[in-house]
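**Student:** Next comes the sequence, and after it the predicted model I'd like to discuss.
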Amino acid sequence: MPPRALADSFICRSCLSSLRKKQTSTALWALRRSSQATRPLSSASQSQSHASHASQSEQEIERQKTLEALGLSIGGKDHNISVNYYEQGKGGKLRRLKDNDEFNQSFTDPGGKAEARLKEMEEQLEQATQFTKIVEDIWGKHGAEKLLKRAASQEESASKLPLLLPEEDWPTQLERKHISQLNNMIRTVGLKARDGVVNQKRLSSLWKYYSAARTALTNHPELVHADIWDLLWQILAADHANNPNRMSHIVTLANDMEKAGVTLHDDQRLLAIEALFITGPKEDAITAHKKLVTTLGTKPETFVEFWQLGLRMYCFTGDIARAERVANTLLDSPHQKDPRFLLSFIRVCASNPATVEKGFELYQRLRSTLGDSITIADYDQIISYFLASSQTEFAFYIFAEMMTSKTIDLRGLHKVPSSVANPFFYGKWLKRLIGSGDLKGAFDVLRYMKSRGVMPQAIVVNGLIGAWLRSGAADNIAKAEEVAWSMINARMQFINIRKDMKNLYAFVRLRQCADGWPRANLETFSLLAENFKERGLHLKMEELWTAFRKAEIAPNSFILNQLLFSYLQDGQGKHIAALSRSLTDQYQVEPDSWTFLALWQALPVNRLIQVPLGQFLEEISRTRSLFAEMVRSAHIFAGSSIDTQLARYILHSFRKLDDRHGLLLAYRALQQIFRFAPPDFIVLELHVGSMDLEKIGKGRSGHRLMHAGKQIDSSLRRKHQELIASGQLRAGEGLPEKVKREELGYLLEAFLQNQIPRNEHTEKLLVQAAEEMGLHGDVPVFEASLEP
């Protein structure tokens, strides 16, 4: 049927077919390419790039004639032309297209295959970006670039790079589940890694999921790309503290990669051998190492690392002959290496008396090779090898060379120079050993000194005794006591010889000792006294004190305090006051804060569960007298404020005796004389009347603790608001600690003052208490204006 111009809003195919006889093929091609509905269609002919300029003009003329015949010419009267588009399916059925966009999509992408392919490419790109992010987080940018270069260098015929692991290609549902879990864990590790380090929990989870997927990965190696294995290797073989099972992971992973047909890199092979040597049969690792002699053992890139690994393995197994051959191979090679690889060989040689000479020769070779680049740490390391095997003489040779910059060679000398054979030179060595924690080596050096006729200094031996005691090990404590008593015995011998030069054998043997130990001094006794006190060994403390008195050494407050606390711990607190008074008078020792703490803790009110009512007046007098004694010694607290625990015991001692007048005066004296500012817990304790707030909080009196806490919080809050209102604090600032302590002090003083009944005897009782406490009017009297 002939077309009707604008009668229908579309051009049917039959009309177009009837026009083919009137149109040239060029005009028909131009018509089919013109698919724009409401804009000029002259631009459609521009897509024909191979026609000449003359032919394009002819085609344009023909096209215009065709448009005029169809009533579609732009020169027509009506410019509002719309065109409907249809698409014919496989069965010949027509489907109307919605708009120009759908027509363009149908024309450029029949069947939507390109769009599906584009979507697939977008998903792959997103997955690749995610994979690259994981690699960068774990390997760093250098590792990511290495991976990209490796992927780019692969042949085009190779299969495409699987991003992570494919999750749908596995035969069984269980395998797909394990692979999916492994993929998710790899993504998590990549996202959560910090500076390339994975925390131990995620590393353990990754190993768990890998262990579950191992069978699937090795049974279907075609589904696992080599870069996935590399990624797993980098994570599971990472050398950091979060990977304690690193070596066992490496052995398992290397075996799985070999089963899957993956070729290990050279560095991976070496690491796998080392891991097998550490975790598995050492013979298998050595055999695997021998098999690679002609490959990795000859490559310049792996030569040094390969033979150094072999040297370490042979040294560990004690194969000196093979280790020496490997060491010579490394030393004679032209490859660049650090001569410190000889350290492991020196260690194994130094551990055996038969090869200790060889070990010393290797040290000399290492020293000459390093030259001026040898460090103190290198010397200390080598010295420790010889000391560990009790080869103290060789260790001394090396130490002398270190201290004298190799200007003194002691080997072969019959007489050691005096610049070396003196207690000061040995003392430097002992201090280094004690400071580094090598107590066994230090003790060997002490015995070596004595065997050479050099008496160590007491201060150095005391340092070793203190280190032994601080270690807490039973054998070290036994050594400390043995050496200390030997020094005490030497002191006793000296005292007895000094008393009676005619009778050299009339001395007291406190402990059997060998010759050559220095005489004990005050520090020696102090170290033992502190240790006996901490361990509660009162009998040994008494024995030590007996020896101390015979040693004719003037005591100090420290050793006096150890003795007092030892008596207190042994339940003999009733003797402490008399003992302290006797010793301070006899030796003219001035007490310190620890002395007063022992005296306050030794009061019956603090030692006994309950003081009999008939003894309260006596105990009040005793407590006030002790406070007066402390006031007389107030100058010892001039450098700083009084200790919090000491002030706590003082206040609670008066509280327990219900001496309210003494408690108020004691607190004021602590404030003004001893510069004491009470912390909040002491204020709470005095409010509720207990030194155990935890017990009060759990018991029936918990409401008292809650009420006291609310009072304190309210007072502090009110002070805070006052400071903000006055402009001394900004709104967001907290209450300064100094202001808080002052406010707590005012609150406590008001509370203690309100505990005293106000009558005509109040002032008289306060004055009497002040006199008994040694205050004599230095502390202000009762102030009625204070409020809680």
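**Tutor:** Thanks, I have it. Numbering: from 1, shown residues only.
**Student:** isn't residue 747 right up against residue 713?
**Tutor:** No: taking contacts as C-beta atoms under 8 Å, residue 747 lies outside contact range of residue 713: 10.8 Å. C-beta here means a position set from N, CA and C on the backbone, and glycine is covered the same way.
**Student:** Please identify which of these two sits among more neighbours.
**Tutor:** residue 747 (23 against 11; other C-beta atoms under 10 Å).
**Student:** That one and residue 689: what is the separation?
**Tutor:** 16 Å (C-beta to C-beta, to the nearest Å).
**Student:** per-residue confidence at the spatially most central residue of the chain?
**Tutor:** What sits nearest the mean C-alpha location of the chain, by C-alpha atoms, centre = their mean, is residue 241, with 9.3 Å. The model reports residue 241 with a pLDDT of 88.
**Student:** can you give me phi and psi for it?
**Tutor:** Main-chain dihedrals, residue 241, degrees, to the nearest 10: phi -70, psi -20.
**Student:** And for the one 4 residues further on?
**Tutor:** Backbone torsions of residue 245, given as degrees, to the nearest 10, read phi -100, psi 30.
**Student:** Isn't it up against residue 206?
**Tutor:** No: look at residue 245 against residue 206 with C-beta under 8 Å: they stay out of range, at 11.7 Å.
**Student:** In terms of neighbours, single out the busier of these two.
**Tutor:** Taking neighbours as other C-beta under 10 Å, residue 245 and residue 206 compare with residue 206 leading, 20 against 14.
**Student:** and the more buried one, what is it in contact with?
**Tutor:** By C-beta atoms under 8 Å, 6 or more residues apart in numbering, the residues touching residue 206 are 182, 185, 186, 189, 198, 235, 236.
**Student:** Please report how far residue 528 lies from residue 537.
**Tutor:** Counting by C-beta to C-beta, the gap from residue 528 to residue 537 is 10 Å.
**Student:** brain fart, residue 571
**Tutor:** 14 Å.
**Student:** Show me how far the helix or strand that residue 741 is a member of is from its chain's centre.
**Tutor:** Assigned by DSSP states H and E, residue 741 falls within helix 737-754. Remark: helix 737-754 is offset 42 Å from the chain centroid, using C-alpha atoms, centre = their mean, to the nearest Å.
**Student:** hang on, the earlier thing: closest to residue 640 out of the contacts of residue 206?
**Tutor:** Proximity of these to residue 640 (C-beta to C-beta) peaks at residue 198, which lies at 49.3 Å.
**Student:** quick one on the thing from earlier: can you put the contacts of residue 206 in CSV and add neighbour count, secondary structure and distance to residue 309?
**Tutor:** Converted to CSV, these look like this (neighbours: other C-beta atoms under 10 Å; DSSP: H, G, I helix; E, B strand; the rest coil; distance: C-beta to C-beta, whole Å):
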residue, neighbour count, secondary structure, distance to residue 309
182, 25, helix, 31
185, 20, helix, 32
186, 23, helix, 30
189, 20, helix, 29
198, 24, coil, 26
235, 26, helix, 23
236, 20, helix, 20
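**Student:** and those residues as a markdown table, adding pLDDT and distance to residue 592?
**Tutor:** Converted to a markdown table, the contacts of residue 206 look like this (pLDDT from 0 to 100; distance: C-beta to C-beta, whole Å):
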| residue | pLDDT | distance to residue 592 |
| --- | --- | --- |
| 182 | 91 | 67 |
| 185 | 90 | 62 |
| 186 | 87 | 64 |
| 189 | 83 | 59 |
| 198 | 84 | 54 |
| 235 | 89 | 59 |
| 236 | 91 | 59 |
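**Student:** Quick check: the farthest pair among those?
**Tutor:** So, the contacts of residue 206 by C-beta to C-beta: farthest apart are 182 and 198, at 14.6 Å.
**Student:** Of all the residues in stretch 532-544, which ones are buried?
**Tutor:** 532, 533, 537, 538, 540, 541, 544 (16 or more other C-beta atoms under 10 Å).
**Student:** In helices, which of these appear?
**Tutor:** Residues of the buried residues of stretch 532-544 located in helices (DSSP state H): 532, 533, 538, 540, 541, 544.
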